[in-house]
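S.K.: would you be able to build a 3D model of this:
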Amino acid sequence: MGKLFGTDGVRGIANVELTPSLAFHLGQAGAYVLSKEQARPRIIIGKDTRISCDMLEAALVAGICSVGADVWKVGVLPTPGIAYLTRTLGVSAGVVISASHNPVADNGIKFFSAIGYKLPDVTEEEIERIVRQDAKPWPEISGKDIGRVIEVKDAERRYIDFLKSTMHNRRLDGLKVVLDCANGAASQVGPALLRELGVQVIPIFHEPDGVNINDRCGSTHMEELQQAVVRYGAHMGLANDGDADRLLAVDEQGRLVDGDRIMVICAMARKEKDLDWDPVVVVTVMSNLGLHQALKASGIRVVETQVGDRYVVEELLRSGATFGGEQSGHIIFLEYNTTGDGLLTALQLLSIVKDKDQPFSLLADQMKRLPQILVNTRVKGEHKDRLMRDAEILAKVKQASHQLGEQGRIFVRASGTESLIRVMAEGPDERMLQDLVRDVSDFVKQKDLALA
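M.R.: From the prediction side, this is the model:
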């Protein structure tokens, strides 16, 4: 068994790597660690629409109840909705069953603390240690001490009302939007939310059947949305991923607007409107150099952190900043929610488009994107850490960095959620970037095969 927790909980192929047995033990250990000393803990569980969620939910529920905690089941709901309910309903912790943007065969389990934040590494390590050692530090219970299961029937309504409250009674009438729900957790709540605020919504990929989540749709497959925006003459298109904690967009011309451009639009609008805002944006090392240039020119400071929205949140809390995110579309508005929230981001973006009364493309063009090449090299999961420490790979990356000089950059990182090594380079010369990334990626693949 490799390391259980990655950058976004425990991930794996459902019923192969992420088995019901593992889910049961994670439920036990997670409930114990997150609710020590509590007489009758309560833990919220929610999920996305993939077929394996019911199986894993049943195992998690059994594990949690077996250590004396009650389970509050909210059903299908976006990850940020579960974070919101966790921190507002006075429960001990929250659990989400989802593999986000991954294909249907995958699934994942991630925990939220009682105040709605993803767990710090030290807490995940404690849970993992109990699971690995098959330890049982909790007392055996029976009879009336076994946990109960309670259905939360108004979870979707609570989340919609929360999102609407962030609009401060403003409406979005007059906007026409194509919404790609990825056949995922936002398939019902997303269109309902926008319609209640006056948006003319054209939903696509909003009919989940258990196996079509993220299937050529959502924030990782934008082609259908790009075509639909032009076909329907919409002001813009919006795309969630499977658990709706991220958002990417499309302008009225059908051009992709990634998380970097969304952050630039939101940061510039806020600096112009809110004179009391401390103009700081927290991003990851994956953000394009064009973001840095655009924000610096507008007097907005940029702070970098490692990849993963949890690390963006940690830096926001450490520094006192309130806004940041990732190029992939995890955008955090910390004054409203404790994690990336695709629907909240959609409302913020739509509000700016409505206020500015300009084509979305003009707002997106406030940032000029430098050429950026990213190649994902599939490797064996157990090799990822060794490859990232390999002296020859590190030397190869250093050589490529020297060739780019001060005008560009290259770095290599292991995916925290998939068996991939990501090689990214950016700079002014796209042909050079392609050559360097291909050379490094091929070398990584060779080293992976040599370890087999």
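S.K.: okay, helices next: where are they in the stretch 51-200 of the chain?
M.R.: For the stretch 51-200 of the chain, the helices defined by DSSP state H, counting those that start in this stretch occupy 53-66, 79-88, 121-133, 155-165, 189-196.
S.K.: hey, which of those is tucked in deepest?
M.R.: helix 79-88 (a mean of 26; mean count of other Cβ atoms under 10 Å). (Each C-beta comes from the backbone N, C-alpha and C, glycine too.)
S.K.: right, and Ala414 touches Asp385 too?
M.R.: Yes. Contact criterion Cβ atoms under 8 Å: Ala414 and Asp385 qualify, at 7.0 Å.
S.K.: let me know the helix or strand that the nearest residue to Leu295 once chain neighbours are set aside is in.
M.R.: Using Cβ to Cβ, 6 or more residues apart in numbering and skipping the chain neighbours, the partner closest in space to Leu295 is Val302 (5.4 Å). Assigned by DSSP states H and E, Val302 belongs to strand 301-305.
S.K.: still on that earlier bit, among the helices of the stretch 51-200 of the chain, which is nearest Asp274?
M.R.: Asp274 sits nearest to helix 155-165 of all these, at 18.1 Å, using Cβ to Cβ.
S.K.: quick one: that closest one to chain centroid distance?
M.R.: When distances are taken as Cα atoms, centre = their mean, to the nearest Å, helix 155-165 is centred 20 Å away from the chain's centroid.
S.K.: got the angle for that helix vs helix 189-196?
M.R.: Between helix 155-165 and helix 189-196, the angle comes out at 50 degrees (axes from the mean of the first three to the mean of the last three Cα atoms, to 10 degrees).
S.K.: and the strands in the stretch 151-300 of the chain, which stretches?
M.R.: For the stretch 151-300 of the chain, strands defined by DSSP state E, counting those that start in this stretch occupy the ranges 176-180, 200-204, 236-240, 247-250, 256-257, 280-284.
S.K.: coming back round to it: neighbour-wise, which of Ala414 and Asp385 wins?
M.R.: Per other Cβ atoms under 10 Å, whichever of Ala414 and Asp385 has more neighbours is Ala414, with 19 against 12.
S.K.: and the residue lying closest to Glu430 once chain neighbours are set aside, how many residues sit next to it?
M.R.: Spatial nearest neighbour of Glu430, chain neighbours left out: Pro371 (4.0 Å); criterion: Cβ to Cβ, 6+ apart. Residue neighbour count, defined by other Cβ under 10 Å, stands at 18 for Pro371.
S.K.: quick check: Pro371 vs Val437, distance?
M.R.: Distance check for Pro371 against Val437: by Cβ to Cβ, to the nearest Å, it reads 11 Å.
S.K.: then Asp276?
M.R.: Applying Cβ to Cβ to Asp276 and Val437 gives a distance of 43 Å.
S.K.: kindly report the same for Val282.
M.R.: 26 Å.
S.K.: same question, Leu370
M.R.: Looking at Leu370 against Val437, where the rule is Cβ to Cβ, the gap reads 14 Å.
S.K.: all helices of the stretch 301-450 of the chain, in order?
M.R.: Under DSSP H, counting those that start in this stretch, the stretch 301-450 of the chain gives helices at 309-319, 342-356, 360-364, 384-389, 391-404, 430-451.
S.K.: among these, which comes closest to Thr49?
M.R.: helix 342-356 (14.8 Å).
S.K.: so where's the stretch 351-452 of the chain uncertain?
M.R.: Where the stretch 351-452 of the chain drops to pLDDT under 70, the residues are 452.
S.K.: cool, and the chain?
M.R.: 1-2, 452.
S.K.: picking up where we left off before, now tabulate the helices of the stretch 51-200 of the chain in JSON lines and tack on distance to Gly108.
M.R.: As requested, those are arranged in JSON lines below (distance: least, Cβ to Cβ, whole Å):
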{"stretch": "helix 53-66", "distance to Gly108": "9"}
{"stretch": "helix 79-88", "distance to Gly108": "10"}
{"stretch": "helix 121-133", "distance to Gly108": "13"}
{"stretch": "helix 155-165", "distance to Gly108": "20"}
{"stretch": "helix 189-196", "distance to Gly108": "20"}
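S.K.: ok, Ala135 to Ile127 distance?
M.R.: 11 Å.
S.K.: from Gln446, how far off is Val281?
M.R.: Taken as Cβ to Cβ, the span from Val281 to Gln446 is 38 Å.
S.K.: with neighbour numbers in mind, choose between those two.
M.R.: Val281 (25 against 11).
S.K.: ok, the more buried one touching Thr322?
M.R.: No. Val281 is not in contact with Thr322 according to Cβ under 8 Å; the separation is 9.7 Å.
S.K.: ranges for the strands of the stretch 1-150 of the chain?
M.R.: All strands of the stretch 1-150 of the chain, identified by DSSP E, counting those that start in this stretch, fall at 5-6, 9-13, 42-47, 70-76, 93-97, 106-112, 149-151.
S.K.: of the ones you listed, which stretch is the most buried?
M.R.: Highest mean neighbour count of the strands of the stretch 1-150 of the chain: strand 93-97, a mean of 28 (counted as mean count of other Cβ under 10 Å).
S.K.: quick one on the thing from earlier: please say which of Asp276 and Val437 ends up with more neighbours.
M.R.: The neighbour comparison of Asp276 against Val437 (other Cβ under 10 Å) goes to Val437, with 22 against 4.
S.K.: the more buried one: what's it in contact with?
M.R.: 373-375, 410, 423-425 (Cβ atoms under 8 Å, 6 or more residues apart in numbering).
S.K.: what's the neighbour count on Gly210?
M.R.: If we define neighbours as other Cβ under 10 Å, then Gly210 has 13 of them.
S.K.: how far away is it from Leu225?
M.R.: From Gly210 across to Leu225, the span is 22 Å (Cβ to Cβ).
S.K.: again, but for Ile141
M.R.: As judged by Cβ to Cβ, Ile141 and Leu225 stand 50 Å apart.
S.K.: what about these two, which has more around it?
M.R.: The residue with more neighbours, out of Ile141 and Leu225, is Leu225; 26 against 13, by other Cβ under 10 Å.
S.K.: contacting residues around that one?
M.R.: Taking Cβ under 8 Å, 6+ apart, we find Leu225 in contact with 178, 180, 204, 217, 237, 239, 250.
S.K.: distance between the ends of stretch 323-342?
M.R.: Stretch 323-342 has an end-to-end distance of 14 Å (Cα to Cα, to the nearest Å).
S.K.: and it, which residues are buried?
M.R.: Across stretch 323-342, burial judged by 16 or more other Cβ atoms under 10 Å covers 323-334, 336-342.
S.K.: among those residues, name the ones in strands.
M.R.: Using DSSP state E, 323-325, 331-333 are the members of the buried residues of stretch 323-342 that sit in strands.
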